[in-house]
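>>> Build me a structure from this.
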Amino acid sequence: QPNPEPLRPRYRQAMPAVHKLLQSQIDESSIIVLPTSVLKYAFTPEPIHYQSLGWTTKADNDCGRVTGDMSHTTWATSLNGRTPEAKADVRRKIVDLWGDINLPDLHAIVADILAQADKHDWKNISLYKKDVKAAFHRLLFHPDFVGLTAFALDELHTILHLVGNFGWTGTPFAWDVVGRIMLAAALHKITGTLRLYVDDFFGACLTAYLSENNAAVDDVIRTLLGEEALAPKKDLSGRVLVILGWLFDLDKRTVSISENNLLKTLGAFMDIETAAAKSTPVSLHQLERAASLATRY
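Model prediction:
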């Protein structure tokens, strides 16, 4: 798509905030900002392809996250595919290239905790977690195809992504190759259990091994991705810890929905109830949100 689409209403509302979020990437040169008029007439190995910027909430960050919608477009083609058949075809090709993603679920985490409790006794174990800072930004797009990642910043400027972004179907699969390597390397160094969910490491171990395990995982991240990939402020450990939206309490030996997700779920249903009380239409988006949360919990 050689021309920018009109800026979306929600993006216009959040535009100054989105620009501020993107500033850090501009500073680190992981995205390029160019005048749209210059880019449209520049020579590029592949055609320039525009899609739309967006914004979404992020659980551990009040300022949220910038997204790129690489699916919906008025143009004939889309990087993620426009139709269900095209989307499935894109995913199939990506899986053929990088392999499928196998994420741990609640049952796997509970099994790990029970195994450690059986081995060391409940009172002697703890949980820990850490993540990779800006994980997708550690992936580099091939220079010839950077032109396919064009997004209108406003009516005059365009950004191009040099690194992985939130929006392209292939980014999580490409990252998972790196993740699998890191997990395999870290498992040889830690004592206890360790799982990886996209860019979040977490596990259970003898409390005495917490410091040693954290250092071992840090060493793997640092060796493969560099010092800047560490996120020490997000390192958490203890007897009570939220992992993947679940609250694990080793003292009570329970697992339950986290407070944040509980409020989010209740809010989704209250939103529908409020609309019904006012005799106003309930949108499909409201129903889908409540249904999704209800399916999980």
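>>> what separates the helix or strand hosting residue 203 from the chain centre, distance-wise?
Element membership for residue 203 (DSSP states H and E) is strand 200-206. Distance, stretch centre to chain centre, for strand 200-206: 19 Å (CA atoms, centre = their mean, to the nearest Å).
>>> Kindly report the same for stretch 74-85.
Distance of stretch 74-85 from the chain centroid (CA atoms, centre = their mean) equals 22 Å.
>>> Check stretch 148-161 too.
Using CA atoms, centre = their mean, the offset of stretch 148-161 from its chain centre is 21 Å.
>>> Pull out the buried positions in the helix or strand containing residue 185.
Under the criterion of DSSP H and E, residue 185 resides in helix 170-187. Using 16 or more other CB atoms under 10 Å as the test for burial, helix 170-187 gives 170-176, 178-179, 182-183, 185-187. All C-beta atoms are positioned from the backbone trio N, CA, C, and that covers glycine.
>>> Contacts only, for residue 245.
Taking CB atoms under 8 Å, 6 or more residues apart in numbering, we find residue 245 in contact with 59, 257-258, 260-261.
>>> Residue 74 too?
residue 5.
>>> Of the contacts of residue 245 - the most surrounded one?
residue 261 (19 neighbours; other CB atoms under 10 Å).
>>> mind listing what's buried in the one helix or strand that residue maps to?
For residue 261, the element it lies in under DSSP H and E is helix 259-277. By neighbour count on 16+ other CB under 10 Å, the buried set for helix 259-277 is 261, 264-265, 268.
>>> before we move on, back to that, name the residues that touch the next helix-or-strand element following the strand holding residue 203?
Using DSSP H and E, the helix or strand that follows strand 200-206 in sequence is helix 210-225. Defining contact as CB under 8 Å, 6+ apart, one finds that helix 210-225 is touched by 126, 128, 130, 132, 138, 178, 181-182, 185-186, 189-192, 194, 201, 203, 205, 229-230, 235, 237.
>>> Would you map the helices across this protein?
9-27, 36-40, 84-98, 106-120, 170-187, 210-225, 259-277, 284-296 (DSSP state H).
>>> In terms of secondary structure, what does the fifth one contact?
The one in question is helix 170-187. Applying 3 or more CB pairs under 8 Å, 6 or more residues apart in numbering; DSSP states H and E, we find helix 170-187 packed against helix 84-98, strand 195-197, helix 210-225.
>>> Just send those back as CSV, with mean pLDDT too.
Listed next are the helices and strands packed on helix 170-187 as CSV, based on pLDDT from 0 to 100:
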stretch, mean pLDDT
helix 84-98, 95
strand 195-197, 97
helix 210-225, 96
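>>> Give the residue spans of the stretch 1-150 of the chain that score low on pLDDT.
59-60 (pLDDT under 70).
>>> returning to that earlier point: so which of the helices and strands packed on helix 170-187 is the most packed in?
Greatest average neighbour count among the helices and strands packed on helix 170-187 goes to strand 195-197 (a mean of 20), per mean count of other CB atoms under 10 Å.
>>> and the gap between the residue nearest to residue 87 when sequence neighbours are not counted and residue 93?
Leaving out its chain neighbours, the residue that sits closest to residue 87 by CB to CB, 6 or more residues apart in numbering is residue 81, at 3.8 Å. The gap separating residue 81 from residue 93 is 10 Å, by CB to CB, to the nearest Å.
>>> just residue 196 next, same as before
On the measure of CB to CB, residue 196 and residue 93 end up 24 Å apart.
>>> One more: residue 186?
For residue 186, the distance to residue 93 - CB to CB - is 30 Å.
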